[in-house]
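Asks: Pasting the sequence and the predicted model now:
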Amino acid sequence: MSDAQLYNICPCFPASRSFFQHPTTALGTGGVMYGNGNIVSGPLESLIDLLMPANGDDLDQEYVFSFLLSCRFFIRTHELLGKLLETLPEPEPLGRMVPLLAVWTKKFPYDFRDERMMNHVKHIVAR
């Protein structure tokens, strides 16, 4: 995987080759890079998968906040919500998404002013 394919979620840890050789970093599943126990960078799809754990109680609110704050540099928020909806099969209840949406609407309410975001929300409510 080239450095250009990684998305850096923490600007204090640049995704550079010298950083990857630093002894405190580790490569996790899905190509996610950890530094000092924190998620630092990784492929977009893997980072999105980490937003919705299998158990809603395991939601890492610090990660969610950091990701939602920085994701605007590499994906539009309505595209992100669309990708999250795609990860859940149609018959599956959306209970896993509720804790994430609660944090998202509380921390970044202006994201939901966008008509495309509201179309996704209407789809969620109808499901």
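Replies: Received, thanks. Numbers count the residues shown, from 1 in each chain.

Asks: Any regions of the chain where pLDDT drops low?
Replies: 1-25, 56 (pLDDT under 70).

Asks: Can you tell me which residue is spatially central in it?
Replies: Compute the mean C-alpha point of the chain, and by CA atoms, centre = their mean the closest residue is I48, 3.7 Å away.

Asks: where's that residue relative to I75, distance?
Replies: Using CB to CB, to the nearest Å, I48 is found at 8 Å from I75. Every C-beta, even on glycine, is put in place using the N, C-alpha and C of the backbone.

Asks: do L94 as well
Replies: Relative to I75, and taking CB to CB, L94 is found at 20 Å.

Asks: got it, and L69?
Replies: 13 Å.

Asks: can you check K107 too?
Replies: For K107, the distance to I75 - CB to CB - is 17 Å.

Asks: before we move on, back to that, ok, L69 and I75, which is more surrounded?
Replies: I75 (16 against 12; other CB atoms under 10 Å).

Asks: Please, where are all the helices along the chain?
Replies: 17-20, 44-49, 61-70, 77-87, 98-107, 115-126 (DSSP state H).

Asks: So which of these is nearest A26?
Replies: Of all the helices of the chain, helix 17-20 sits nearest to A26, with 10.3 Å by CB to CB.

Asks: And for L81, the neighbour number?
Replies: 25.

Asks: Cross-check the contact I'm expecting between it and H120.
Replies: Yes. Under the criterion of CB atoms under 8 Å, L81 makes contact with H120 at 4.6 Å.
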